[in-house]
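# A structural model of the following input is requested.
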Amino acid sequence: MRILFISKIKPGFEANLSPIVKSQGDSLIQLGHNVEYYIVGKGFYGYIKLLFNLSGYLKKNSFDIIHSHYSITSIITSLAIPRKKIVVSLMGSDTERKGIVLLLIRAFSTLFWKTIIVKTERMKNRFKIKNTIVLPNGVDFNRFVPISKDTAQCKVGFSTQNINILFLADSSRTEKNVTLARSAVKLLNNPNVILHEIYPIPQNLVPYYLNAADVLVLSSIYEGSVNIVKEAMACCTPIVSTDVGDVKENIISTKGCYIASHDPSDFSDKISQAIQFNSKTNGRDNIQHLNSSEIARRLVNIYSLQLNNTANA
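Numbering: from 1, shown residues only. Got it, this is the predicted structure:
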């Protein structure tokens with residue numbers, strides 16, 4: 001199957017793509033499919049180029065499936081090629097869309113989009129779009145594996161004398177709510193507890209950071225399907241997170257992983273419990289169903305259904 005991924009640019013990451021999009025493409029390639037990427041440039045000018053250039057690109061290049069990621073990118077894609085049926089993935093950053101963008105998502109889902117993928121049941125309930133498919137992001141179990149903490153800490157430069165708390169997200173983004181993590185760590189009143197705010201980093205180092213950490217913290221206000229939490233689970237790292245996206249359903253049966261409120265005192269208390277756990281978790285066993293190869297097979301089934309529906313139309 002020849003597949004075109006359309007996604008907005010993410011500078012600083014491999015191939016200028018979101019790691020989530022790139023990982024999904026890689027998992028399809030591992031199943032023997034051909035995946036190419038059409039990267040949408042930054043800002044308004046990038047969308048204008050998409051609008052006017054995509055049709056010409058598709059005249060020169062043939063694909064079985066066009067899979068667009070993110071709401072605004074997908075809206076512009078549909079305007080550029082209105083007679084083509086595309087697969088649309090609404091991503092974590094689309095979770096809190098409001099006003100005109102939310103209205104456009106609902107309108108385009110009725111008029112243009114026949115196959116719509118969201119990452120969680122929570123997203124499905126928010127958008128209230130019929131025939132929406134819930135397909136979470138997968139985890140590369142070959143890349144994200146438990147590693148000796150000493151080895152990982154040596155690799156990333158964490159001190160073995162400290163209790164290392166990892167915040168692996170863009171602190172400048174309001175929805176990531178780094179203030180909560182900072183306040184919670186401060187309330188511990190322990191100079192040996194260090195909060196590491198790491199972003200961005202090469203993807204090949206992410207497993208080392210996750211294994212070097214005593215606790216991963218996620219203090220977000222909202223999320224979609226939270227890959228960093230699932231990746232930490234695959235590395236068997238303790239986690240403290242707010243109840244966002246699909247985190248709760250993923251970590252609820254894993255000892256050493258905790259859901260906290262947005263109250264700094266509660267978040268701090270959960271970090272303390274995670275520190276006291278002082279062991280690897282069994283998180284890897286609890287997310288076997290989210291192995292990226294299994295998610296890729298489910299995605300191929302979605303593509304096949306769309307192709308069959310198109311052929312029978």
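
# can I get the CA coordinates of stretch 216-235 in CSV?
Provided in CSV are the C-alpha atoms of stretch 216-235 (Å, rounded to 0.1, in the frame of the first residue of the first chain):
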residue,chain,number,x,y,z
LEU,A,216,8.4,11.1,35.1
VAL,A,217,5.9,13.9,35.8
LEU,A,218,3.2,15.2,33.4
SER,A,219,1.4,18.2,34.7
SER,A,220,-0.6,19.1,31.6
ILE,A,221,-4.0,20.9,31.5
TYR,A,222,-5.0,18.8,28.5
GLU,A,223,-3.6,16.1,26.2
GLY,A,224,-4.6,13.6,23.6
SER,A,225,-3.0,10.2,23.7
VAL,A,226,0.1,10.9,25.8
ASN,A,227,3.0,9.1,24.2
ILE,A,228,5.6,10.0,26.7
VAL,A,229,3.6,8.3,29.5
LYS,A,230,3.3,5.1,27.5
GLU,A,231,7.0,5.3,26.6
ALA,A,232,7.8,5.6,30.3
MET,A,233,5.6,2.6,31.0
ALA,A,234,7.5,0.6,28.4
CYS,A,235,10.7,1.6,30.3
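
# can you pull the buried residues of that stretch?
Neighbour counts over stretch 216-235 (16 or more other C-beta atoms under 10 Å) mark 216-220, 222-235 as buried. For every residue, glycine as well, the C-beta is placed using N, CA and C.

# The longest helix along the chain packs against which elements?
Longest helix in the chain, counting residues (DSSP state H): helix 292-312. Packed against helix 292-312 by the contact rule (3 or more C-beta pairs under 8 Å, 6 or more residues apart in numbering; DSSP states H and E) you find helix 19-30, strand 65-69, strand 87-89, strand 115-118.

# of all the ones you listed, which lies closest to residue 305?
strand 115-118 (7.6 Å; C-beta to C-beta).

# Count residues in the vicinity of residue 69, would you?
By other C-beta atoms under 10 Å, the residues close to residue 69 number 24.

# That one: what's it in contact with?
Listed by C-beta atoms under 8 Å, 6 or more residues apart in numbering, the contact partners of residue 69 are 5-8, 18, 21, 88-89, 91.

# Mind doing that once more with 6 Å?
Residue 69 sits next to 7, 21, 89 when contact means C-beta atoms under 6 Å, 6 or more residues apart in numbering.

# My guess is the second one contacts residue 6. True?
No. With contact defined as C-beta atoms under 6 Å, residue 21 and residue 6 do not form a contacting pair (9.5 Å).

# who has more neighbours, those two?
More crowded of residue 21 and residue 6, by other C-beta under 10 Å: residue 6, with 28 against 24.

# Just the residues contacting the one helix or strand that one maps to, thanks.
Assigned by DSSP states H and E, residue 6 belongs to strand 2-8. Residues from elsewhere that reach strand 2-8 (C-beta under 6 Å, 6+ apart): 17, 21, 25, 33-38, 40, 63-70, 73, 77.

# before we move on, the earlier item: the longest helix of the chain vs strand 65-69, what angle?
Orientation of helix 292-312 against strand 65-69 (axes from the mean of the first three to the mean of the last three C-alpha atoms, to 10 degrees) gives an angle of 120 degrees.

# And helix 292-312, what's buried?
By neighbour count with 16+ other C-beta under 10 Å, helix 292-312 contains the buried residues 292, 295-296, 299-300, 302-303, 306.
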